[in-house]
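K.L.:
Okay, predicted coordinates and the sequence, questions at the end:
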Amino acid sequence: MELSFGPRRIPAGVLGGRRRLPTLVAGSVGFLGTQPATLCSIHEMSESRVIEASQCATHNPVIRPRRNRVSPAVRGLVRETELSADHLILPIFVVEGSGVEVEVNSMPGVSRWSVDRAVELAKEARDHGVAAVAVFPALTEGFKDPFAKEATNPNGLMQRCVSALKKDVPEVAVITDVAMDPYSSDGHDGVVVDGEIVNDATLPILAAMAVSQAQAGADIVAPSDMMDGRVGAIRAALDAEGFTSVGILAYSAKYASAYYGPFREALDSAPKAGDKKTYQMDPANAREALREVKLDVAEGADMVMIKPAGPYLDVVRQVRDAVDVPVAAYQVSGEYAMIQAVAQNGWMDGPSLMTESVTSIRRAGADVVLTYFALEIAKQLR
Ligand code: PBG
């Protein structure tokens, strides 16, 4: 047999006649829910016989799943997974200044915004029903040091942004990132000593960072650092300061992923040396994700997260089945960039990819999705 998909070589017998269709089925076939039937080979159908269906198929399926797909209305009735802005979180990158919008090279359509513009963006998100924003500060080198001191500055960029958001757009839940990397001169999520990321020395820094964010008005703090014991340390610190109602969204199963590339460009936060593999998870592991998630729940996490999302849908499902707390998944910068890149090339349809990818993350079991498409999706849903 000859197989060729180019226009020149057409396999003999497949399109032999003028209007022959490919050979699909031949002989006697039995189907679940149908009478065994004889289907003639489409291959045998000459042009004149093609319409003589009675000669050809005596096959009448009783069960026809296609009935539930006949129209948009029926498809809507039976749809299992809803996409709704109620479950979406829009990540926002913020920079110093006012009236500033600088697009991120590798994320067409996503910018770094000054606080005033971030507030405008959050208002637009609110007007379209987006539930929450996640704030990530992009700091210049001068604000970075080995211990991320700027992270607890009550007048820091993050704190000013959070309080502006809570003042001007109080309906939108504000989620803050707890990790040292945007503030660290080493570009790591923990304290670096002799090239090693030191777990326990990092915990008080993270706890103080979370308290500072809560003081600024954060509704939910989201530790993304992957240090052991940080959820417990943060919960204790928040409670000690009276922030018992501030929630913790734990980045529980955060993989050491190449998909974070565009984010690190946006924040200029790539590690100066080494990688994050001693704290972020090995992409090969799923059982380990369950271990991380259960630990975080035991330490007081109110929600857990899997990140990235699209390449880890099996992990999302397993986590959903293993715990009772809400599960979030983060469609990260690289997933966004890939979709935008193929869309810009005209190779695939961007808007469809956007909703299909996020629907799939929800179907896999995510209650909440962080996505740079949150506003676009919300607009499409209205
Ligand atoms: C920082 C942090 C990262 C992301 C969220 N918080 C990057 C990293 O760990 O290097 C990635 C988000 C994205 O890629 O969209 N701790």
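P.N.:
Arrived safely, thanks for sending. Numbers count the residues shown, from 1 in each chain.

K.L.:
who's the spatially most central residue of the chain bridged to?
P.N.:
Residue closest to the mean C-alpha point of the chain, counted by CA atoms, centre = their mean, is residue 331 at 1.6 Å. Residue 331 has the following beta-bridge partners by DSSP bridges: residue 371.

K.L.:
wouldn't it be in contact with residue 374 here?
P.N.:
No. Contact criterion CB atoms under 8 Å: residue 331 and residue 374 do not qualify, at 9.3 Å. C-betas here are computed from N, CA, C, even on glycine.

K.L.:
how far away is the residue nearest to the centre of the chain from the ligand?
P.N.:
8 Å (CB to the nearest ligand atom, to the nearest Å).

K.L.:
Okay, strands next: where are they in the protein?
P.N.:
Using DSSP state E, the strands of the chain run over 27-29, 37-39, 88-95, 101-103, 111-114, 132-137, 173-178, 191-193, 196-198, 220-223, 247-254, 303-307, 327-331, 368-371.

K.L.:
what's the last one packed up against?
P.N.:
Based on contacts counted as 3 or more CB pairs under 8 Å, 6 or more residues apart in numbering; DSSP states H and E, the elements that strand 368-371 packs against are strand 88-95, strand 327-331, helix 350-364.

K.L.:
For the stretch 51-200 of the chain, what lies in contact range of the ligand?
P.N.:
Within the stretch 51-200 of the chain, the positions near the ligand by CB under 6 Å from any ligand atom are 177, 179, 181, 189.

K.L.:
Check the stretch 251-382 of the chain too.
P.N.:
260, 263, 264, 332, 333.

K.L.:
my guess is the first one meets residue 334, correct?
P.N.:
So that's residue 260. Yes. Contact criterion CB under 8 Å: residue 260 and residue 334 qualify, at 6.4 Å.

K.L.:
still on that earlier bit, with mean pLDDT and distance to residue 294 added, can I get the helices and strands packed on strand 368-371 in CSV?
P.N.:
Formatted as CSV, those follow (pLDDT from 0 to 100; distance: least, CB to CB, whole Å):
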stretch, mean pLDDT, distance to residue 294
strand 88-95, 98, 23
strand 327-331, 98, 13
helix 350-364, 98, 19
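
K.L.:
Let me know which of those is the nearest to residue 65.
P.N.:
Among those, helix 350-364 comes nearest to residue 65, with 17.4 Å by CB to CB.

K.L.:
quick one: buried residues of that closest one?
P.N.:
By 16 or more other CB atoms under 10 Å, the buried positions in helix 350-364 come out as 350, 353, 354, 357, 358, 359, 360, 361, 362, 364.

K.L.:
Count the residues that sit near the residue nearest to the fourth one when sequence neighbours are not counted.
P.N.:
To tie it back to what came earlier, the one meant is residue 357. Of all residues not flanking residue 357 in the chain, residue 310 sits nearest, at 5.8 Å (CB to CB, 6 or more residues apart in numbering). Using other CB atoms under 10 Å, residue 310 has 20 other residues around it.

K.L.:
how close does residue 310 sit to residue 359?
P.N.:
11 Å (CB to CB, to the nearest Å).

K.L.:
And for residue 158?
P.N.:
With distances taken as CB to CB, residue 158 is found 32 Å from residue 359.

K.L.:
related to what we said a few turns ago, any common contacting residues for residue 260 and residue 334?
P.N.:
residue 308 (CB atoms under 8 Å, 6 or more residues apart in numbering).

K.L.:
For residue 93, which residues are in contact?
P.N.:
With CB under 8 Å, 6+ apart, residue 93 has these contacts: 104, 110, 111, 112, 113, 136, 137, 138, 266, 267.

K.L.:
Which parts of this protein belong to which domain?
P.N.:
1-79, 86-381 (automatic domain parsing).

K.L.:
tell me the most buried of those domains?
P.N.:
domain 86-381 (a mean of 20; mean count of other CB atoms under 10 Å).

K.L.:
ok, back up a step: I'd like the buried residues of helix 350-364 laid out as a markdown table, including distance to residue 236.
P.N.:
Shown next, in a markdown table, are the buried residues of helix 350-364 (distance: CB to CB, whole Å):
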| residue | distance to residue 236 |
| --- | --- |
| 350 | 45 |
| 353 | 43 |
| 354 | 40 |
| 357 | 37 |
| 358 | 35 |
| 359 | 38 |
| 360 | 37 |
| 361 | 32 |
| 362 | 33 |
| 364 | 33 |
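
K.L.:
Which stretches in the stretch 201-350 of the chain count as helices?
P.N.:
Assigned by DSSP state H, counting those that start in this stretch, the stretch 201-350 of the chain shows helices spanning 230-240, 261-267, 287-299, 313-322, 333-344, 350-364.

K.L.:
Done for today, thanks.
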